[in-house]
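>>> give the three-dimensional model of this entry:
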Amino acid sequence: MLKKLPVTVQALLISIVFFLIHFGTVTFLNKIDTTPFLMSYALQFIMTLAILLAMIKIYETAKEQLGFAFLGLSTLKVGISYFFATEFLFQNKVMLETNKINFFITFLFFLSLDVYFTIRLLNKK
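Reported below is the predicted structural model:
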């Protein structure tokens, strides 16, 4: 049933479920600063959505370039994430370790979403 929905809606639903699980777990285990947590989720979701839309457009025009486009877009995403993390998230020294762990969990989750949807596009006949 989930595969019948548009890719963007699928990504949104999966992201919401993961966010609720992650946020619930983190708030249950310890106190967190919610602003960096929410900002990292918003940034990663927006970048994942942009990558998905670009990948769909590339799939429609040049299927053979899809893998290269994924590598380039993922590299760009890593660079933007690094800049965002160093400039905005890791400024508060007290919550530094918790922010880092939560940011990298979020980053890896959304990167795996990118990989999943790219694999689905590559395997589409």
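
>>> all contacts plus neighbour counts: C-alpha atoms, from now on.
OK.

>>> what are the phi and psi angles of Leu5?
phi -80, psi 160 (degrees, to the nearest 10).

>>> where's Met47, which helix or strand?
Using DSSP states H and E, the element containing Met47 is helix 34-61.

>>> for the spatially closest residue to Val26 that is not a sequence neighbour, give its distance to Asn102.
In space, and not counting its chain neighbours, Val26 is closest to Ile32: 7.2 Å by Cα to Cα, 6 or more residues apart in numbering. Noted for Ile32: a distance of 10 Å to Asn102, by Cα to Cα, to the nearest Å.

>>> of the two, which one has the most company?
Taking neighbours as other Cα atoms under 10 Å, Ile32 and Asn102 compare with Asn102 leading, 19 against 16.

>>> buried residues in the helix or strand the more buried one falls within?
Here Asn102 sits within helix 96-123, counting by DSSP H and E. For helix 96-123, a neighbour-count test (16 or more other Cα atoms under 10 Å) marks 98-100, 102-103, 106-107, 109-111, 113-114, 117-118, 121 as buried.

>>> output the contacting helices and strands for the helix holding Met47.
Packing contacts for helix 34-61, counted by 3 or more Cα pairs under 8 Å, 6 or more residues apart in numbering; DSSP states H and E, involve helix 7-29, helix 66-87, helix 96-123.

>>> pLDDT of the helix holding Asn102, averaged?
For helix 96-123, mean pLDDT is 89.

>>> what's the answer for stretch 49-63, then?
92.

>>> send me that stretch as PDB with only the CA atoms.
Output in PDB follows, covering the C-alpha atoms of stretch 49-63 (Å, rounded to 0.1, in the frame of the first residue of the first chain):
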ATOM      1  CA  LEU A  49      13.300  15.700  -0.800                       C
ATOM      2  CA  ALA A  50      15.400  17.800  -3.200                       C
ATOM      3  CA  ILE A  51      17.600  14.800  -4.000                       C
ATOM      4  CA  LEU A  52      14.600  12.600  -4.600                       C
ATOM      5  CA  LEU A  53      12.900  15.100  -7.000                       C
ATOM      6  CA  ALA A  54      16.200  15.600  -8.800                       C
ATOM      7  CA  MET A  55      16.700  11.800  -9.100                       C
ATOM      8  CA  ILE A  56      13.200  11.400 -10.500                       C
ATOM      9  CA  LYS A  57      13.800  14.100 -13.100                       C
ATOM     10  CA  ILE A  58      17.200  12.600 -14.000                       C
ATOM     11  CA  TYR A  59      15.600   9.200 -14.300                       C
ATOM     12  CA  GLU A  60      13.000  10.600 -16.800                       C
ATOM     13  CA  THR A  61      15.700  12.200 -18.900                       C
ATOM     14  CA  ALA A  62      18.900  10.200 -18.600                       C
ATOM     15  CA  LYS A  63      18.500   6.900 -16.800                       C
END
